[in-house]
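*Asks:* sequence first, predicted coordinates after that:
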Amino acid sequence: MKKLYILLCAVVSSASFAQTFYSENMGTPSGTTAISANVFQNSAPIVYSGTADVRATSPSSGYNGSSAGGNVLINAVDEYFQIDGLNSSAYNSADLQLSFGINTQTNVSNVLTVEVSTDGGTNWAPLSYTPSATGWTLATIGGGTIPSAATLSIRFKSTSTSQFRIDDVKLSSVSASCTLSLGSATGVCDAFNFGTDTYTATIPYIGGGNATYVVTPNAGTVGGDDVSTVAAGNIIITGIPEGTNLVVTVTGGTCNTSATLNSPECKPVNPLPFHEHFNYAAGASLGAQESWTNINSGDNIVAAAGSLSYPNVGTSGNSVTFTGAGIDCFSPFTPATSGTVYASFMVNVADMTNVTTDLAETYFAALTDATKSFKARMFVKRNGTQFQLGFDAASTTTNYDATLRNIGEVVYVVMGYDFGTNTLSCWLNPDLTSFNASTPATLTSTPATAITELGGFIIRQDADNRTPSMVFDELNIATDIASLLAVKQNNIAGLEVYPNPANDVLYINTAANLEKNVVIYDVLGKQVLSTTATNSVNVASLKSGMYILKITEAGKTSTSKLVIK
């Protein structure tokens, strides 16, 4: 499956040159979904029906405003998609415009029928349009053919067995006498911090200075050039919260026009060591979290309830799961150019029924540089009813572990690279009580070109028939083994720490029950508490969240995760 990677630090969007009063992007289904079961962008009084279905495959692209999420697939005679409950009565028919993304896979003369009705679907009037090319294009229909009505219906219907896809249906009002034209909006993050940042949008325009215009954004503060007095310039909107898509409306004279902009992702680079416990609500999109970003389109990698387990690994939070084709998630970390870099995680191949070809390989996890270029990849391939894991720098490999593993088996993986020797190493299921950099690797590889930087980690979904259903947990990235395993080693006999999650008091029992040095760090590595105790520690001053707990007794140290509620 070919992936389209995108930069997310700045976003460019297009102006609608109109007042858009209805817009539908078909939602974000995880797979093939019936029209009646799909969660659309709009709800009542808008009603959706039809014999077509909504797909996550072949997302829209290549035209301004393509949402690249779900789309409606129509691929049989008389199959249709219908939208009821639209109200265009506030606008003149001469100004009404219908636009939609359409994927025509055969030829531009074999088109999908588009019809409108004003009587609840009893009588339909066809609309004329011609796609500009095969593949995804934007179709626009206007010229007084869209009725001005309180009960408007639109139907997309096939008269052939050809395949069509529909996305981004919009109804707008366009004034022919308006001279003001808004250009493509761009958004740039003001900062890159954990939590919600703000961004600044710039909207170029021409044709101003001839009326009194009012600029109204749905968020942020208006600045830049005065559209009422300056003929050409830039409207600048500042202080827009990250995650808020911008809609700016400009009214005045005969104009009622708008521009839209999808929010950029203002996400920081994770400092090392980086410990990801996937402490997100079950069902949440991994790419929506502050430490991750989505770098292509399709269905999401999502958080799953519960954790995987492996000897001497402390777990908390949840895990993530994925299968088949879809979005890849990227997590940047402080780039390293010398020494060593290690990444560890647990993985469970939960199901392989979708992998139809035996020995067909794919890679599901990778170390990358800061630009998301793959440098070290973990492979999986079906082998009969079992699977094998492989490791290499290239996109294909014969470097597989000979061990055949069973469905449902949890495998602990450590990936490493030594810049000094240009050596990639992979350890599978090491004994963590004695594991160190000198432990013989399960697999090694020498990149054809020496790696000059490592600065990111990707969890990857390949194709529907290649990537099995997988559970992924406890990702840790560090420049040394001690930091990598900082949340896993327990050398204190009889250690018990409870309750976890804690509220006011944390109790600590050991076999020796001696005085202990207790240090607590936040997830960024900042020390937030240091004390000595025998049996209990007051943690009432700590805010709710995830922490690292380090306990030292009689020269032995244990580190684990601690949750404060």
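*Replies:* Nice, thanks for sending it over. Numbering: from 1, shown residues only.
*Asks:* got any ranges where the chain has weak pLDDT?
*Replies:* By pLDDT under 70, the weakly predicted segments of the chain are 1-18, 105-110, 486-491, 523-525.
*Asks:* tell me where it has helices.
*Replies:* 481-484 (DSSP state H).
*Asks:* any idea which strand is longest in it?
*Replies:* strand 340-351 (DSSP state E).
*Asks:* and that strand, what does it pack onto?
*Replies:* Counting contacts by 3 or more CB pairs under 8 Å, 6 or more residues apart in numbering; DSSP states H and E, strand 340-351 packs against strand 361-368, strand 410-418, strand 469-478, helix 481-484. Placement of C-beta: from N, CA and C, glycine included.
*Asks:* just give me how far the longest one sits from the chain centre.
*Replies:* Distance of strand 469-478 from its chain centroid, counting by CA atoms, centre = their mean, to the nearest Å, is 16 Å.
*Asks:* and that strand, which strands flank it?
*Replies:* For strand 469-478, the paired strands and their directions (DSSP bridges) are strand 274-276 (antiparallel), strand 319-322 (antiparallel), strand 340-351 (antiparallel).
*Asks:* beta partners of S173?
*Replies:* Beta-bridge partners of S173, as defined by DSSP bridges: Q19, L96.
*Asks:* what's the spacing between it and F40?
*Replies:* As judged by CB to CB, to the nearest Å, S173 and F40 stand 22 Å apart.
*Asks:* so between these two, which is more surrounded?
*Replies:* Of the pair S173 and F40, S173 is the one with more neighbours under other CB atoms under 10 Å, namely 20 against 17.
*Asks:* so the more buried one touches D95, yeah?
*Replies:* Yes. With contact defined as CB atoms under 8 Å, S173 reaches D95; the gap is 4.8 Å.
*Asks:* now the nearest residue to L86 once chain neighbours are set aside: how far from P126?
*Replies:* Among residues not flanking L86 along the chain, L152 sits closest, at 4.0 Å (CB to CB, 6 or more residues apart in numbering). L152 sits 15 Å away from P126, going by CB to CB.
*Asks:* neighbour-wise, which of these two wins?
*Replies:* L152 (22 against 12).
*Asks:* OK, contacts around that one?
*Replies:* 86-88, 116-118, 146 (CB atoms under 8 Å, 6 or more residues apart in numbering).
*Asks:* from the residues you listed, which is closest to L272?
*Replies:* Nearest to L272, judged by CB to CB, of those is L86 at 52.7 Å.
*Asks:* tally of neighbours for A370?
*Replies:* A370 has 14 nearby residues by other CB under 10 Å.
*Asks:* buried ones in stretch 235-254?
*Replies:* 235, 237-238, 240, 242, 244, 246-253 (16 or more other CB atoms under 10 Å).
*Asks:* tally of neighbours for the closest residue to I551 other than its chain neighbours?
*Replies:* If the residues on either side of it in the chain are set aside, I551 comes closest to S558, at 5.0 Å by CB to CB, 6+ apart. If you count neighbours by other CB under 10 Å, S558 ends up with 21.
*Asks:* tell me the spacing between S558 and I327.
*Replies:* Counting by CB to CB - S558 and I327 are separated by 37 Å.
*Asks:* repeat for I458
*Replies:* Plainly put, I458 is 11 Å away from I327 if you go by CB to CB.
*Asks:* show me the common contact partners of those two, please.
*Replies:* I295.
*Asks:* between those two, which has more neighbouring residues?
*Replies:* Legend: neighbour count by other CB under 10 Å for I458 and I327, higher for I327 (25 against 20).
*Asks:* tell me which residues touch the more buried one, please.
*Replies:* For I327, the contacting residues are 287, 294-301, 461, by CB under 8 Å, 6+ apart.
*Asks:* what's the farthest-apart pair in those?
*Replies:* Every pair of these checked by CB to CB; the farthest is I295 and D299, at 14.0 Å.
*Asks:* number of nearby residues for S160?
*Replies:* Neighbours around S160, by other CB under 10 Å: 14.
*Asks:* what's the spacing between it and E79?
*Replies:* In terms of CB to CB, S160 sits 10 Å off from E79.
*Asks:* state the distance from T151 to I83.
*Replies:* Going from T151 to I83 by CB to CB gives 12 Å.
*Asks:* more crowded one of these two?
*Replies:* I83 (22 against 17).
*Asks:* okay, and the beta partners of the closest residue to the more buried one other than its chain neighbours?
*Replies:* In space, and not counting its chain neighbours, I83 is closest to I154: 4.7 Å by CB to CB, 6+ apart. Judged by DSSP bridges, the bridge partners of I154 are I83, V116.
*Asks:* and what of Y48?
*Replies:* I83.
*Asks:* how close does it sit to A34?
*Replies:* Y48 is 10 Å from A34, by CB to CB.
*Asks:* sorry, back to before: list the buried residues for the longest strand of the chain?
*Replies:* Residues 340-349 are the ones in strand 340-351 that count as buried (16+ other CB under 10 Å).
*Asks:* before we move on, what about stretch 220-230?
*Replies:* So, applying 16+ other CB under 10 Å, buried residues of stretch 220-230: 220, 224-225, 227.
*Asks:* could you do stretch 444-451 as well?
*Replies:* Buried residues in stretch 444-451 (16+ other CB under 10 Å): 445, 451.
*Asks:* distance check, G70 against D53.
*Replies:* From G70 over to D53 (counting by CB to CB), the distance is 10 Å.
*Asks:* shared neighbours, those two?
*Replies:* T33.
*Asks:* those two - which one has more neighbours?
*Replies:* More crowded of G70 and D53, by other CB under 10 Å: G70, with 27 against 21.
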